[in-house]
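Colleague: Got a predicted model here, sequence first, then my questions.
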Amino acid sequence: MAECFIVFTGGSGSMVLESLVHMAAVSAIDYDVIHMLMMDVDQGNGNVARASTTVKHYCDFRESMNSAAVKGLFKSELKLYSWMPYHINSVETRDLQGMIEDEDDALWLARALYTEDEIRHEVSIGFKGHPNLGVLFLENLFSGVDEKNGLTDFIHAFVAKEADRLMLVGSCFGGTGASSIPVFGRFLRKRIKDMGGRDFSFALLALQPYFTLPEAEEKTLMIDSKKFADKVKTVLSYYPQTIMKPDAINPLYQHVYLLGSQERVHFPVNSSGTNKQENPANIITWFACVAIKQFFNITKASTLVPRKTQLHLPWLTKSTWEWDQFASLVFPTLEQNCAMLLQVAMLYICKLHDPVLQLGKEPEHSFFANMLRDYATQQRVIFGTKLKTLTDYLARYVNWFFQIVTHLPKDGITDTNQDETRKEYADFHTCKYELVKKAFEEDNPIPTEPTKEDAKPGLTDAQQRLRAYRTLQLDSLFHQKFLNAFLICKLENKRMEYWPFEGQAREMDENAAMYQKAPNRDDTQTQELVERPLAPLINEIANKRFLTRGANLESMLSYMQAQEWTNATKIDTIYKLFVKSLFGAVAHFQQ
């Protein structure tokens, strides 16, 4: 059984973990079991919470299917271990002042090396891009790791499985990740050896600066993305002599992957710490999966454990943002499987979502009425509850892709005023820039100029920043060839309406309201209204057309209705048959 072990540190590490989950869903990362340790001192980090939620939805859906793959997707079992050191909140360790309060000499030295803000900073909300501060606290934390927790469970599993390779993922310019690279690496090496683990190959995936942030309103120890370059120079000048040791026979890391992009992704909010730090998914943290796949695919022993550290540069190329960024030899079916899962979401949203809401009062002779006619109301509720595990995951998947295509680096995004360029992308997206803009603004309205009646004419600074950010998102969306811009906007629109995340207002549109007001109506006209944005272009969600000519949602629904449902005696069996037929309907029409 092929199993892999990966450690993810800090906010950037958690975003790579989130991408890895979705790559596992489309079987691009297809190990039997993927063990993932997520570590961050900021226990309320929004990106950490989002990654954990994504893993939960993935695992809940697989469990609902008895951990079986569905049409070649969702092959891998995911095991998440979390270590968020709770005792960092104690008075003695929550800031540097508390650590050295009774040591006068240490306090004088600290004041020579750190600013007053750094000395008094409470690290329970993260190190805020100050690895010089983080290293001190992590050394102290790791020296006392003895009790049973996610970290020790992960190490026990690694030793028990006699694993021969391990990877640590984090940024080399931030706080927790950059602090962990030298300290956590040494700790893991020693602890695994002390527990009787075998020799193993250790890889480091270090993300270089890949995003920019607006200037923070709060000036106290906030992250300044303008200083990222200087921090990386310092870090990279330190690594060769310590963790890499090019002249040493047994370096800390045998493989070092440095990943970055000359053009940066723009994050809209400068909030380093707590649940406010929830940065959008992006192609850099998605592309990091290339390095993960490459390392765990090494088969030659001399390559896996070289005498000296091997440096790898999986750098994003300067070209159009499209599927070619991912090597076809490494991910031969990536585009097809990603498109298939999006098409499953499209089929469900257009044809099945509203009938599912009507379970228990569905019209006579409808699809669900025939399928569930022998089951009591309570059994139908169980069916709907199980089905929610799928929709919870699909909601995260759709939103993840939407965030990626609206947060691409500026490189590769050309001037929208160039007619030839705009026509090229309009042909790909099967509609003009103006229609993409209209679809995008349905859920992402750009502030307009105020009317003459406004008491304070002109846009506020916040409105101007939002308007510039929305324009950048729109340009990113239009100048990429991963997904049809118009369709992903419409799909995200329906996702927000039907499958909103916690805290997102659920607004029922006119079509959904019609279903509740007239459950026994002739629904032909309403279905046409619901399907119009998505259904006609289902075969054009990605760059290539993977479905047979003429495939549409009606034919897919007919395929599902033609399945044999009457032999099942348990609602659990009916549920599994339904999910398999949903995925099978899309797979059936693939070329």
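Modeller: Perfect, thanks for sending it. Numbering: from 1, shown residues only.
Colleague: so where's the stretch 351-500 of the chain shaky on pLDDT?
Modeller: For the stretch 351-500 of the chain, applying pLDDT under 70 flags the ranges 360-365, 411-418, 447-459.
Colleague: Let me fix that, I meant to ask about the stretch 1-150 of the chain.
Modeller: For the stretch 1-150 of the chain (pLDDT under 70), the answer is 1, 42-44, 85-147.
Colleague: do that again at 80, thanks
Modeller: Applying pLDDT under 80 to the stretch 1-150 of the chain picks out residues 1, 41-45, 84-148.
Colleague: now the strands: where do they sit in it?
Modeller: 3-9, 33-39, 77-83 (DSSP state E, counting those that start in this stretch).
Colleague: Now render those strands as JSON lines, adding mean neighbour count.
Modeller: Placement of C-beta: from N, CA and C, glycine included. Formatted as JSON lines, the strands of the stretch 1-150 of the chain follow (neighbours: other Cβ atoms under 10 Å):
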{"stretch": "strand 3-9", "mean neighbour count": "24"}
{"stretch": "strand 33-39", "mean neighbour count": "23"}
{"stretch": "strand 77-83", "mean neighbour count": "20"}
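Colleague: Quick one: these as a markdown table, columns for distance to residue 326 too.
Modeller: Shown next, in a markdown table, are the strands of the stretch 1-150 of the chain (distance: least, Cβ to Cβ, whole Å):
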| stretch | distance to residue 326 |
| --- | --- |
| strand 3-9 | 19 |
| strand 33-39 | 19 |
| strand 77-83 | 21 |
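Colleague: For residue 409, find the nearest of those.
Modeller: Set against residue 409 and scored by Cβ to Cβ, those come closest in strand 3-9, at 22.2 Å.
Colleague: what sits up against the closest one?
Modeller: 13-14, 16-17, 20, 31-40, 51, 154, 157-158, 161, 163, 165-170, 176-177, 180-181, 184, 188, 292, 296 (Cβ atoms under 8 Å, 6 or more residues apart in numbering).
Colleague: Just the buried ones from the residues you listed, in PyMOL syntax?
Modeller: Selecting only the buried entries of the contacts of strand 3-9 in PyMOL, with 16 or more other Cβ atoms under 10 Å as the criterion:
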select buried, resi 13+14+16+17+20+31+34+35+36+37+38+39+40+51+154+157+158+163+165+166+167+168+169+170+176+177+180+181+184+188+292+296
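Colleague: can you give me the helices in the stretch 251-400 of the chain?
Modeller: Taking DSSP state H, counting those that start in this stretch to define them, one finds helices in the stretch 251-400 of the chain at 283-296, 301-304, 334-347, 353-357, 367-371, 377-405.
Colleague: Next, count neighbours for the residue lying closest to residue 471 once chain neighbours are set aside.
Modeller: Leaving aside its chain neighbours, residue 471 sits nearest to residue 446 (7.0 Å; criterion: Cβ to Cβ, 6 or more residues apart in numbering). Burial measure for residue 446: 16 neighbouring residues, criterion other Cβ atoms under 10 Å.
Colleague: Also residue 462?
Modeller: 10.
Colleague: for residue 209, same thing?
Modeller: Quick note: residue 209 (other Cβ under 10 Å) scores 20 neighbours.
Colleague: Likewise for residue 558?
Modeller: Residues near residue 558, counting by other Cβ under 10 Å, number 11.
Colleague: Please shift the residue numbers so they start at 22 in all later answers.
Modeller: Happy to do that; since the first residue is 22 now, the last one works out to residue 579.
Colleague: which one of the helices of the stretch 272-421 of the chain lies closest to residue 275?
Modeller: helix 322-325 (7.5 Å).
Colleague: tell me the average confidence for that closest one?
Modeller: On average, the pLDDT along helix 322-325 is 82.
Colleague: sorry, back to before: ok, now how distant is the residue nearest to residue 492 from residue 430?
Modeller: Between residue 467 and residue 430 the distance is 21 Å, computed by Cβ to Cβ, to the nearest Å.
Colleague: cool, residue 326 as well?
Modeller: 35 Å.
Colleague: Please name the nearest non-neighbouring residue to residue 503.
Modeller: Per Cβ to Cβ, 6+ apart, closest to residue 503 is residue 426, 5.7 Å.
Colleague: ok, the one you found touching residue 496?
Modeller: No. If you go by Cβ atoms under 8 Å, residue 426 and residue 496 don't touch, sitting 11.2 Å apart.
Colleague: So those two - more neighbours on which side?
Modeller: residue 426 (25 against 18).
Colleague: which residues are in contact with stretch 559-571?
Modeller: 343-344, 356-357, 359-361, 363-364, 367-368, 449, 451, 502-505, 508-509, 572-574, 607, 610-612.
Colleague: sorry, that was for stretch 69-77
Modeller: So stretch 69-77 is contacted by 29, 32, 35-36, 38-39, 42-43, 57, 59, 61, 63, 99, 101, 103, 105, 296, 299, 414, 417, 421 (Cβ under 8 Å, 6+ apart).
Colleague: Buried residues, that stretch. List them.
Modeller: In stretch 69-77, counting by 16+ other Cβ under 10 Å, buried: 69, 71, 72, 73, 75, 76, 77.
Colleague: In helices only, show me those.
Modeller: Using DSSP state H, the members of these that fall in helices are 69, 71, 72, 73, 75, 76, 77.
Colleague: Adding distance to residue 555 as columns, could you present these in a markdown table?
Modeller: Output for those, formatted as a markdown table (distance: Cβ to Cβ, whole Å):
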| residue | distance to residue 555 |
| --- | --- |
| 69 | 33 |
| 71 | 25 |
| 72 | 28 |
| 73 | 30 |
| 75 | 23 |
| 76 | 28 |
| 77 | 27 |
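Colleague: what's the closest of those to residue 459?
Modeller: The closest of these, once distances to residue 459 are taken by Cβ to Cβ, is residue 71, at 28.6 Å.
Colleague: Could you measure from the closest one over to residue 306?
Modeller: Using Cβ to Cβ, residue 71 is found at 12 Å from residue 306.
Colleague: Pull up the overlap in contacts between those two.
Modeller: residue 39.
Colleague: buried ones in stretch 561-579?
Modeller: 561, 562, 563, 564, 567, 568, 572, 573, 574, 577, 578.
Colleague: JSON lines please, covering those and showing distance to residue 372, secondary structure and pLDDT.
Modeller: Putting those into JSON lines (distance: Cβ to Cβ, whole Å; DSSP: H, G, I helix; E, B strand; the rest coil; pLDDT from 0 to 100) gives the following:
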{"residue": "561", "distance to residue 372": "18", "secondary structure": "helix", "pLDDT": "87"}
{"residue": "562", "distance to residue 372": "16", "secondary structure": "coil", "pLDDT": "92"}
{"residue": "563", "distance to residue 372": "20", "secondary structure": "strand", "pLDDT": "89"}
{"residue": "564", "distance to residue 372": "25", "secondary structure": "coil", "pLDDT": "81"}
{"residue": "567", "distance to residue 372": "19", "secondary structure": "coil", "pLDDT": "90"}
{"residue": "568", "distance to residue 372": "15", "secondary structure": "strand", "pLDDT": "90"}
{"residue": "572", "distance to residue 372": "14", "secondary structure": "coil", "pLDDT": "85"}
{"residue": "573", "distance to residue 372": "11", "secondary structure": "coil", "pLDDT": "86"}
{"residue": "574", "distance to residue 372": "6", "secondary structure": "helix", "pLDDT": "87"}
{"residue": "577", "distance to residue 372": "8", "secondary structure": "helix", "pLDDT": "91"}
{"residue": "578", "distance to residue 372": "5", "secondary structure": "helix", "pLDDT": "88"}
